[in-house]
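Q: Predicted model and sequence below, questions to follow.
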Amino acid sequence: STIGWSLAGILSVLTAWRYVLRAKDPLSLPLAFLGADSLLAALVVAQVYLGDQLIWVYGLHTVKVVEAMRAGLV
């Protein structure tokens, strides 16, 4: 999904940023990095919450979807 790729890209950028920061000073991280990291955590929580809502509201249970695919209904 688009959100998944976006989160993966953000995670890659933050990982590279952290690597550069740790190479310069291994004992501290700036507040900007911690803020960006917190924002990423909030995005992941929102994605998981919305995914749970999708499954709950529409009843997209994995087993039923697999059964429908095997039966040729999907």
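A: Perfect, thanks for sending it.
Q: sec struct for the residue positioned nearest the centre of the chain, please.
A: A centroid search over the chain (Cα atoms, centre = their mean) returns V44, at 4.2 Å, as the residue closest to the centre. Under the three-state scheme (DSSP: H, G, I helix; E, B strand; the rest coil), the conformation of V44 reads as helix.
Q: how much space between it and S6?
A: In this structure, V44 and S6 are 11 Å apart, going by Cβ to Cβ, to the nearest Å. Bear in mind the C-beta positions are built from the backbone N, C-alpha and C, glycine included.
Q: Could you do D37 as well?
A: For D37, the distance to S6 (Cβ to Cβ) stands at 16 Å.
Q: out of the two, which sits in the busier spot?
A: Set side by side, D37 and S6 give different neighbour counts by other Cβ atoms under 10 Å, the larger being at D37 (16 against 12).
Q: Pull the contacting residues for the more buried one.
A: For D37, the contacting residues are L14, by Cβ atoms under 8 Å, 6 or more residues apart in numbering.
Q: does it count as helix, strand or coil?
A: Secondary structure, three-state DSSP: D37 is helix.
Q: And the pLDDT for it?
A: Residue-level confidence at D37 comes out at 87, pLDDT.
Q: buried stuff in the helix or strand harbouring V48?
A: When elements are defined using DSSP states H and E, V48 is found to belong to helix 31-58. When burial is assessed from 16 or more other Cβ atoms under 10 Å, helix 31-58 yields the following buried residues: 36-37.
Q: Residues in contact with stretch 19-28: which ones?
A: Residues from elsewhere that reach stretch 19-28, judged by Cβ under 8 Å, 6+ apart: 29-30, 33.
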